[in-house]
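Asks: next input, structure requested:
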Amino acid sequence: QVQLVESGGRSVQAGGSLTLSCTLSGGSLSSYAMGWFRQAPGKEREFVAANSWSGTMTKYADSVKGRFTISRDNDKNTAYLRMNSLKPEDTAVYSCSYGLHPYELGVANFASWGQGTQVTVSS
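Replies: Numbers count the residues shown, from 1 in each chain. Predicted coordinates:
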């Protein structure tokens, strides 16, 4: 059974940077597309970024484009989300998800998430 564990979340000041990690166990990362999602208090979970099994195809939400970068190391079974120029509105619990179709980056491909890691951005 595939399991996901996120790490790297913490409190930072606006303008700062963070890198989140997502380690997959019970399978091979190279078999899946990977996505990052976030959920702020009182709001629905929203898509942040995704990449294909090789990392060559990527997709970003408009709100993070140019600031966040999704990547992966298939040998380490780990996906990453590099977040630069953080804003208070980026505050949320960030979760990763795997997509069964390795080339599909649409949100419908992602249906199972890890527990998440908290990112808090203060102004």
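Asks: is it correct that residue 74 is in contact with residue 24?
Replies: No. If you go by C-beta atoms under 8 Å, residue 74 and residue 24 don't touch, sitting 9.7 Å apart. Any C-beta I mention is one placed from the backbone N, CA and C, and that applies to glycine too.
Asks: just the CA atoms of the lowest-mean-pLDDT helix or strand in the chain, as PDB, please.
Replies: Lowest by mean pLDDT, DSSP states H and E among the helices and strands of the chain is strand 110-113, with a mean of 91. Extracted in PDB, the C-alpha atoms of strand 110-113 (Å, rounded to 0.1, in the frame of the first residue of the first chain):
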ATOM      1  CA  PHE A 110      -4.900  12.600  -7.500                       C
ATOM      2  CA  ALA A 111      -7.100  10.900  -4.900                       C
ATOM      3  CA  SER A 112      -4.900  10.000  -1.900                       C
ATOM      4  CA  TRP A 113      -2.900  12.400   0.300                       C
END
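Asks: which secondary structure elements does the next helix-or-strand element following it sit against?
Replies: For strand 110-113, the following helix or strand on the C-terminal side (DSSP states H and E) is strand 117-122. Applying 3 or more C-beta pairs under 8 Å, 6 or more residues apart in numbering; DSSP states H and E, one finds that strand 117-122 contacts strand 11-13, strand 18-25, strand 92-99.
Asks: quick revisit: tell me which residues of the least confident helix or strand of the chain are tucked away?
Replies: 110, 113 (16 or more other C-beta atoms under 10 Å).
Asks: in its sheet, which strands sit next to it, and in what direction?
Replies: Strand 110-113 pairs in its sheet with strand 92-99 (antiparallel), by DSSP bridges.
Asks: can you give me the angle the strand it pairs with makes with strand 117-122?
Replies: Here strand 92-99 runs at an angle of 140 degrees relative to strand 117-122 (axes from the mean of the first three to the mean of the last three C-alpha atoms, to 10 degrees).
Asks: which strand or helix spans the most centrally placed residue in the chain?
Replies: Nearest to the geometric centre of the chain sits residue 36, at 2.4 Å (C-alpha atoms, centre = their mean). Taking DSSP H and E as the definition, residue 36 sits inside strand 33-39.
Asks: cheers, nothing more for now.
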